[in-house]
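Enquirer: structure for this input, please:
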Amino acid sequence: MEENMAGWDLQPDSALYSLYRYWAHGGPGMIITGNVMIDRTAMTGPGGVVMEPDTSLIAFEKWAKVMKSGGAKALMQLNHPGRQMPSQFGRTALAPSAIALKLGRYSKKFARPVAMSCEQIHRVTHQFAMAAKRAKDAGFDGVQIHAAHGYLLSQFLSPLSNQREDEWGGSLQNRARFLINVVCQVRALCGNDFIVSVKLNSADFQRGGFSDDDAVEVVSKLSKLNVDFIELSGGNYESPAMQGTGDMSSALKPEAYFMAFAARIAQHSDVPVMTTGGITQLKTAEQVLEAGYDFVGIASALAFTPDLVKKWQQNPDYAGVKPHCDWQDKTLASLVKMAKVRRQLRRLGNDFTTMHNPTALWSLFLDVIHKRKMMKLYRAYCVEQTSTEKQETHSEQPEKATRYVSSHVVSGVPSRDL
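Expert: Down below sits the predicted model:
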């Protein structure tokens, strides 16, 4: 889940500490963060946490300790939005090909994509690896590389969004090259004592998109790369199957949406597999494990009931809450569901109790207001960073100029000639 709750400096602060403390003591065996972006110029939304090579680790060290305070493993999810970056950031979006999102009247809400150069692909690969190394330095037990839900790595895997004719497009082997390179560099930089996971679509649930046959082949490739586990999900912004809706959604299960699709994929994997998608009941979690999966992934239900696992231990019949919206506009309904979830995350971050049945319109309104506030903070931070970087650049004088200035300083005070 994407919290949109970072501090003014794009780092975790008290709100995120409070939120994750509820989960840490709610009974999970492992906690995976929401999106942590590898580049502050490429964001999935305002208020996102960013991990860059020069980012201070103090806040991240505390975040990791909070997450592990109840005994769970702590993983940082690393992501790059690609073309799924809101246009309000005022930036051009990097993508495999210059193909914009097709969301009807909502398409203009997203930045114009441009096809990445080979140099840009290698730079982003390095950014993923460096962010993983920084996560390890901060005390996290591992990272999850987000290659699902239509974000950048997922865009390269899909023949709909990747129509390149070089070594990064065409065949599935070429389309998977970016992801494979990222995994290899992360493992090489972080060593074997660090958990490396990949979040992958079992399918995009779009005709002509990344299919379950493609997923089988990619999982087979990942199995040879010392990956610790693979999470199988599905969908993207154009077809939000991860919320149980979108194209071909009739093929999804009411809970554990992707279990049937992922079962076939898991059979071809020597790596432990996790599946997720709308799980709210213990009996569903048990069915997932009985089907041969190694992990059960739960997200939205833990936003409404952060101690859901403990409640199951006390009452196996306890049913969690799943966000719901029956509006006819499927894109808007998807936004409402996410707004309801984020509303609960903010309440937990402020140490308020959650609401099991928040209203759709008010949740959407509050989400818009919150995002506007976070966007103002983001822009102010970027202006400040740009100003600081310019000052640092201007302060770096050539050696000859430094000697000249030094010769014109008397008792620490420059002469009028300067």
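
Enquirer: all contacts plus neighbour counts: C-alpha atoms, from now on.
Expert: Fine.

Enquirer: which stretches of this protein have low pLDDT?
Expert: Filtered on pLDDT under 70, the chain yields the residue ranges 204, 239-257, 261-262, 392-418.

Enquirer: the strands in it, which residues?
Expert: When assigned using DSSP state E, the strands of the chain occupy the ranges 30-32, 36-37, 49-50, 73-79, 93-95, 113-115, 142-147, 195-201, 229-233, 273-275, 295-296, 409-410, 413-414.

Enquirer: run through who's touching the third one.
Expert: Counting by Cα atoms under 8 Å, 6 or more residues apart in numbering, strand 49-50 makes contact with 4, 5, 6, 10, 11, 12, 35, 36, 37, 38, 39, 40, all of which sit outside it.

Enquirer: how about residue 306, what does it touch?
Expert: Applying Cα under 8 Å, 6+ apart to residue 306 gives the contacts 22, 23, 26.

Enquirer: do the same with residue 103
Expert: Shown here is residue 103, whose contacts under the criterion Cα under 8 Å, 6+ apart are 238, 331.

Enquirer: let's see it at 7 Å
Expert: Listed by Cα atoms under 7 Å, 6 or more residues apart in numbering, the contact set of residue 103 reads residue 238.

Enquirer: same deal with residue 195?
Expert: Contacts of residue 195 were listed using Cα under 7 Å, 6+ apart, and they are 141, 142, 143, 228.

Enquirer: what's the answer for residue 133, then?
Expert: For residue 133, the contacting residues are 189, 190, taking Cα under 7 Å, 6+ apart as the criterion.

Enquirer: that one and residue 72, how far apart?
Expert: 20 Å (Cα to Cα, to the nearest Å).

Enquirer: residue 321 too?
Expert: From residue 321 over to residue 72 the distance is 23 Å, taken as Cα to Cα.

Enquirer: in the contacts of residue 195, which residue is surrounded by the most others?
Expert: With neighbours defined as other Cα atoms under 10 Å, the most crowded of these is residue 143; it has 25 neighbours.

Enquirer: contacting residues around it?
Expert: Contacts for residue 143 were tallied using Cα under 7 Å, 6+ apart; they are 75, 76, 77, 78, 132, 195, 196, 197.

Enquirer: ok, those residues vs residue 84, which is closest?
Expert: Distance to residue 84, by Cα to Cα, is smallest for residue 78 among those, at 15.0 Å.

Enquirer: identify the bridge partners of that closest one.
Expert: The residues paired with residue 78 through beta bridges, assigned by DSSP bridges, are residue 36, residue 145.

Enquirer: residues near it, how many?
Expert: Tallying neighbours of residue 78 according to other Cα under 10 Å, which is how burial is gauged here, yields 27.

Enquirer: and for the one 10 residues further on?
Expert: Burial measure for residue 88: 14 neighbouring residues, criterion other Cα under 10 Å.

Enquirer: the one 4 residues further on too?
Expert: Using other Cα under 10 Å, residue 92 has 18 neighbouring residues.

Enquirer: these two touch, right, it and residue 116?
Expert: No - taking contact to mean Cα atoms under 7 Å, the distance of 11.0 Å between residue 92 and residue 116 leaves them out of contact.

Enquirer: would you confirm that residue 179 contacts residue 154?
Expert: No - using Cα under 7 Å as the test, residue 179 is too far from residue 154 to be in contact (8.5 Å).

Enquirer: more neighbours, these two?
Expert: Neighbour comparison, residue 179 and residue 154: the larger count goes to residue 154, with 29 against 22 (by other Cα under 10 Å).

Enquirer: grab the nearest non-local neighbour of residue 320.
Expert: The shortest distance from residue 320 to any residue other than its chain neighbours is 4.5 Å, reached at residue 280 (Cα to Cα, 6 or more residues apart in numbering).

Enquirer: all helices for the protein, in order.
Expert: Under the criterion DSSP state H, the chain carries helices at the ranges 14-24, 58-68, 118-137, 152-157, 172-175, 177-190, 212-222, 259-266, 282-290, 300-304, 308-314, 330-349, 360-395, 399-407.

Enquirer: pick the most buried one from these.
Expert: Each of those was assessed for mean neighbour count using mean count of other Cα atoms under 10 Å. The highest is helix 152-157, with a mean of 29.

Enquirer: hmm, who's touching that one?
Expert: 80-82, 95-96, 147-148, 161-162, 175-176, 178-179, 210.

Enquirer: okay, those in TSV with distance to residue 361 next?
Expert: Written out in TSV, the entries for the contacts of helix 152-157 read as follows (distance: Cα to Cα, whole Å):
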residue	distance to residue 361
80	29
81	27
82	29
95	33
96	36
147	31
148	28
161	32
162	36
175	40
176	40
178	40
179	38
210	34
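
Enquirer: and those, which of them are buried?
Expert: Neighbour counting by 16 or more other Cα atoms under 10 Å classes 80-82, 95-96, 147-148, 161-162, 175-176, 178-179, 210 among the contacts of helix 152-157 as buried.

Enquirer: among those, which two are most distant?
Expert: The span of these, defined through Cα to Cα, is set by 80 and 210 at 18.4 Å.

Enquirer: how much space separates residue 172 from residue 185?
Expert: From residue 172 over to residue 185 (counting by Cα to Cα), the distance is 20 Å.

Enquirer: contact partners for the nearest residue to residue 108 once chain neighbours are set aside?
Expert: Using Cα to Cα, 6+ apart and skipping the chain neighbours, the partner closest in space to residue 108 is residue 87 (7.2 Å). With contacts defined as Cα under 7 Å, 6+ apart, the neighbours of residue 87 are 109, 110, 111.

Enquirer: TSV for those, including neighbour count?
Expert: Rendered in TSV, the data for the contacts of residue 87 read as follows (neighbours: other Cα atoms under 10 Å):
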residue	neighbour count
109	14
110	23
111	22
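
Enquirer: those into JSON lines, with extra columns for distance to residue 17?
Expert: As requested, the contacts of residue 87 are exported to JSON lines (distance: Cα to Cα, whole Å):
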{"residue": "109", "distance to residue 17": "31"}
{"residue": "110", "distance to residue 17": "30"}
{"residue": "111", "distance to residue 17": "31"}
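
Enquirer: and residue 208, how many residues sit next to it?
Expert: Look at residue 208: counted by other Cα under 10 Å, it has 10 neighbours.

Enquirer: quick check: closest non-adjacent residue to it.
Expert: Nearest residue to residue 208, sequence neighbours excluded (Cα to Cα, 6+ apart): residue 160, at 6.6 Å.
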